[in-house]
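In: After the sequence you'll find the predicted model.
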Amino acid sequence: MTGHGAASELIALTAAELSARLASRDVSAVEATQAHLDRIAEVDGDIHAFLHVSADALKTAAEVDGARRMGAKLGPLAGVPIAIKDVLCTLDMPSTAGSRILEGWVPPYDATVVSKLRKAKLIPLGKTNMDEFAMGSSTEHSAFGPTHNPWDLDRIPGGSGGGSAAAVAAFEAPLALGSDTGGSIRQPAAVTGTVGMKPTYGGVSRYGAIALASSLDQVGPVTRTVLDAALLHDVIGGHDPHDSTSLTDNWPSFADAARTGAAAGTLKGVRVGVVKELGGEGFQAGVSARFAKALDLMSAAGAEIVEVSAPSFTYAIAAYYLILPAEASSNLAKFDSVRFGLRVTPPGGGTVEDVMAATREAGFGAEVKRRIILGTYALSAGYYDAYYGSAQKVRTLIQRDFAAAFEKADVLVSPAAPTTAFKLGEKLEDPLAMYLNDVATIPANLAGVPGMGLPMGLAEEDNLPTGIQIMAPAHEDARIYTVGATLEALLEQSWGRPLISRSPRHPLGEGRTK
Amino acid sequence: MSESNPSPLDVAQVAHLANLARIALTPEEIEKLTGELGVIIESIAKVSEVATPDVPSTSHPIRLTNVFRPDVPGETLTVEEALSGAPERDGDRFKVSAILGEEQ
């Protein structure tokens, strides 16, 4: 469609490549930002990855260029544009979490991760679409309409962070931030051929992230390569006194870990555990076939492949759909029509309770109502022990299964999603079928361990991306970056090029007619 | 899902839960949710199969204890910032509808 001009080349770069060109002043931050704004203007009508595009991006970029000219010492990602999931509070842009109840709301403060981006001189491009309050696996539950998968516009981009994944997959941004409560970073990565990392619980601050389920939520990077994810993780990670669940670990450089992995070329001595319960029935044939190929590749590179069993993982979805709604029903109680957001007064007026109920009826979508009512039920007297109490015990069992598995293996792997991207609308009327999409990703949230989704090839039957998930023990995020970068290099060697270069939306590609 | 099993929830219960959650659901929404939640609850009730009395509960994936900070004032929002998103204000305060109904 478009010629392979300078702008197309700029947006095709990885964040690491772009930052090298920015550092050598071969390219300015203004040029890089303009190229991505033009790309958004060109393709986002089709993709709908963005809910809001920043009016200040070029101004911020000019400031970064000025600082660089003055010889300021800048971080590795200075001048690189980034898209931000709309669940994160931003002082200068509306933050809606995909909900009508927050339509147009501009928060009075920045999320800690957003302040860290600003301090590191990244350029916020805008806010990305998501399932309302991050409840969903397809972005179809956004109050502002779904995002479309760049590989096939009739299909879902995953969820809840489908906007961030699609923005990166469609080359509208080299980097994005996501949040992952049950797979909302990793499952969209799998179905869009991109990379997504859910850090160890507490590894990245959630201050200013609009809470869904506080014992599960974690913010993380959404990118096209493992190294880019590591570079971004280095920027956003670390202790934050504003978040009482924030860990005080002295984290190593994840970028160094990724570079070590990419250079290694071998997995000698790495024990790779295949989780028996996260495969087989319910997994699409093409996904399973790609997963088997990735295992062969790792084995040929010297990894020791071991099968591990985690029997309580089969109860993970059930536990998750008790814990999440319970916590969400409590977290979403703050949308009460008093301090911020929508207020709807019922005809004839009424007390503050009537106004609250009318506001929540008008402001929340169907899935949010479904989960709030479910959570209210799970927490109500008489059911608490049987449901919420039992789910918390399952959580202990899942942690024990992880501990046992990590005795036998250094990392655990599984497909990141059971299927490739399904059609928009296909599962909208069947909540339970939608919930099953997160079967592989939920256990990591329940146990707090880190996990990454990484492209592992196209499924044979539909030519759509599939993803592999790599998990490590809590605090061992660096191990995922090392093993992930090695595997990424091995896979790209076997394909002869990165998977994303086969996307019909690749700016330097031939395009693919549908 | 299974037509023979009675739903674990009925319409009156869902209406009660909606009232507790302060959502003015329409009768149609209550009807639809009753069916959907019934199916979901049947499928998630299986957690009780393995949650035996000897298993302790986990509320939080990575346990932290005694998370304190120095007892000194930090950055706070100004009154204007705090009121910037309010649907309605009265001077320096949030304005709300009547707390009590006529008959109270």
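Out: All right, it came through fine.

In: Let me see the contact set for the residue most central in space within chain A.
Out: By CA atoms, centre = their mean, chain A has its centre lying nearest to A:Ile185, at 2.0 Å. With contact set as CB atoms under 8 Å, 6 or more residues apart in numbering or on different chains, A:Ile185 has these partners: A:Gly161, A:Ser164, A:Gly178, A:Ser179, A:Gly196, A:Met197, A:Lys198, A:Gly220, A:Pro221, A:Val222, A:Gly453. To be clear about C-beta, it is placed using only N, CA and C from the backbone, and glycine gets the same treatment.

In: ranking the residues you listed by neighbours, who comes first?
Out: Highest neighbour count within the contacts of A:Ile185: A:Ser164, with 41 neighbours (other CB atoms under 10 Å in any protein chain shown).

In: any chance you could map the strands in the chain?
Out: Looking at chain A here, since you left the chain open. Along chain A, counting by DSSP state E, strands occupy A:50-53, A:81-85, A:123-128, A:175-179, A:195-198, A:219-223, A:271-275, A:304-308, A:411-415, A:451-458, A:465-471.

In: Hmm, no, I was thinking of chain B.
Out: B:89-90, B:93-94.

In: And these: which comes nearest chain A?
Out: Nearest to chain A, of all those, is strand B:93-94, at 5.6 Å by CB to the nearest CB.

In: mind listing what the closest one pairs with, with the direction of each?
Out: strand B:89-90 (antiparallel) (DSSP bridges).

In: Touching the partner strand from outside, list them.
Out: Contacts of strand B:89-90 (CB under 8 Å, 6+ apart): B:Leu83, B:Lys95.

In: Stretch A:117-127: which residues count as buried?
Out: Residues of stretch A:117-127 classed as buried by neighbour count (16 or more other CB atoms under 10 Å in any protein chain shown): A:Leu117, A:Arg118, A:Ala120, A:Lys121, A:Leu122, A:Ile123, A:Pro124, A:Leu125, A:Gly126, A:Lys127.

In: Rebuild those residues as JSON lines, extending it with distance to A:Asp44 and pLDDT.
Out: Listed next are the buried residues of stretch A:117-127 as JSON lines, based on distance: CB to CB, whole Å; pLDDT from 0 to 100:
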{"residue": "A:Leu117", "distance to A:Asp44": "21", "pLDDT": "98"}
{"residue": "A:Arg118", "distance to A:Asp44": "23", "pLDDT": "98"}
{"residue": "A:Ala120", "distance to A:Asp44": "25", "pLDDT": "98"}
{"residue": "A:Lys121", "distance to A:Asp44": "24", "pLDDT": "98"}
{"residue": "A:Leu122", "distance to A:Asp44": "20", "pLDDT": "98"}
{"residue": "A:Ile123", "distance to A:Asp44": "17", "pLDDT": "98"}
{"residue": "A:Pro124", "distance to A:Asp44": "16", "pLDDT": "98"}
{"residue": "A:Leu125", "distance to A:Asp44": "11", "pLDDT": "98"}
{"residue": "A:Gly126", "distance to A:Asp44": "9", "pLDDT": "98"}
{"residue": "A:Lys127", "distance to A:Asp44": "12", "pLDDT": "98"}
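
In: if we can go back for a sec, export the strands of chain B to JSON lines and tack on distance to A:Asn149?
Out: JSON lines is the format used below for the strands of chain B (distance: least, CB to CB, whole Å):
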{"stretch": "strand B:89-90", "distance to A:Asn149": "43"}
{"stretch": "strand B:93-94", "distance to A:Asn149": "42"}
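
In: picking up where we left off before, compare the strands of chain A and give me the one nearest A:Glu281.
Out: strand A:411-415 (12.6 Å; CB to CB).

In: Which neighbouring elements make contact with that closest one?
Out: Counting contacts by 3 or more CB pairs under 8 Å, 6 or more residues apart in numbering or on different chains; DSSP states H and E, strand A:411-415 is packed against strand A:271-275, helix A:285-300, helix A:390-408, strand A:465-471, helix A:477-495.

In: out of the ones you listed, which comes closest to A:Asp152?
Out: Here strand A:465-471 is closest among these (CB to CB), at 10.1 Å.

In: Direction included, what does that closest one pair against?
Out: strand A:411-415 (antiparallel), strand A:451-458 (antiparallel).

In: can you redo the ones you listed as a markdown table with mean pLDDT?
Out: Formatted as a markdown table, the strands paired with strand A:465-471 follow (pLDDT from 0 to 100):
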| stretch | mean pLDDT |
| --- | --- |
| strand A:411-415 | 98 |
| strand A:451-458 | 98 |
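
In: what's near enough to touch the single nearest residue of chain B relative to chain A?
Out: The minimum distance from chain B to chain A, using CB to the nearest CB, falls at B:Pro61 (2.7 Å). The contact partners of B:Pro61, by CB under 8 Å, 6+ apart, come to A:Tyr201, A:Ser215, A:Leu216, A:Arg395, A:Gln399, A:Asn445, A:Leu446, A:Ala447, A:Gly448, A:Val449, A:Ala474.

In: OK, contacts around the closest residue to it other than its chain neighbours?
Out: Among residues not flanking B:Pro61 along the chain, A:Gly448 sits closest, at 2.7 Å (CB to CB, 6 or more residues apart in numbering or on different chains). By CB under 8 Å, 6+ apart, the contact list for A:Gly448 reads A:Thr200, A:Tyr201, A:Gly202, A:Ala474, B:Pro61, B:Ile62.

In: And the helices in the stretch 251-400 of chain A?
Out: Using DSSP state H, counting those that start in this stretch, the helices of the stretch 251-400 of chain A run over residues A:254-264, A:285-300, A:316-331, A:352-363, A:366-378, A:390-408.
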